[in-house]
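A.B. asks: Have a look at this prediction, sequence included:
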Amino acid sequence: MPKIIAVILFMIITIQPAIAEMAKDFTLPTNKGEVQLSKLKGKVVYVDFWASWCAPCRKSFPWMNKMHAKYQSEGLEVIGISLDEEIKQANKFLEKLPAIFTVAYDTKGTVADLYEVQVMPTSYLIDRDGNLVLTHKGFKTKHEDKLEEELVRALNK
């Protein structure tokens, strides 16, 4: 019975406003150095936790690339945080689904623990003041328009 419950919980996709709170700062390595969330204040940041073994993550990458390309000039920063234990696994995924946005590596899962990530992928939308304004668990293409609306709302505040 617990396996069935776990499968049902995994399949639930939610988009919900976050409780007004400051996003927790982090610094992680990337292929081009480091990314630190607090240094992105003034931008709208979409933080997405993913892993190479996550099937829905394969669907989210084209959407995140599209949002990054479309709204970067308006102040959107997309950060995909790989939770793979080995960077090689993440990079193999990225060979098939390249990212035009920043990819960071959380090989020990410390930032994922800080954000209490339980479902893959899980995304957080952070406004220009560093406030967590939206949590999105899972990914389905039918939710793309709603997510884009939330991005635009944050960009226009």
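C.D. replies: Everything's here; your move.
A.B. asks: Could I get the buried residue list for the longest helix along the chain?
C.D. replies: When the chain is parsed with DSSP state H, its longest helix is helix 55-71. Using 16 or more other Cβ atoms under 10 Å as the test for burial, helix 55-71 gives 56-57, 60-61, 63-65, 67-68, 71. (Glycine included, C-beta is placed from N, CA and C.)
A.B. asks: Repeat that for stretch 81-100.
C.D. replies: For stretch 81-100, the neighbour count (16+ other Cβ under 10 Å) marks 81-84, 89-90, 93-94, 97, 99 as buried.
A.B. asks: what residue is smack in the middle of this protein?
C.D. replies: Taking Cα atoms, centre = their mean, the centroid of the chain lies closest to D48, which sits 0.8 Å from it.
A.B. asks: what's the closest non-adjacent residue to that one?
C.D. replies: Leaving aside its sequence neighbours, D48 sits nearest to S123 (Cβ to Cβ, 6 or more residues apart in numbering; 4.4 Å).
A.B. asks: Just confirm the one you found contacts Y46, I think it does.
C.D. replies: Yes - with contact defined as Cβ atoms under 8 Å, S123 counts as touching Y46 (6.2 Å).
A.B. asks: about what we covered before: and the pLDDT at the residue nearest to the centre of the chain?
C.D. replies: Here, the pLDDT recorded for D48 equals 98.
A.B. asks: For it, which residues count as its bridge partners?
C.D. replies: Beta-bridge partners for D48, by DSSP bridges, are G80, S123.
A.B. asks: For L114, see how far away it is.
C.D. replies: Computed as Cβ to Cβ, to the nearest Å, the D48 to L114 distance reads 15 Å.
A.B. asks: Then C54?
C.D. replies: 19 Å.
A.B. asks: L83 too?
C.D. replies: L83 is 12 Å from L114, by Cβ to Cβ.
A.B. asks: repeat for F139
C.D. replies: F139 sits at a distance of 21 Å from L114 (criterion: Cβ to Cβ).
A.B. asks: now do H136
C.D. replies: H136 sits 17 Å away from L114, going by Cβ to Cβ.
A.B. asks: what do you get for K59?
C.D. replies: Relative to L114, K59 is positioned 25 Å away (Cβ to Cβ).
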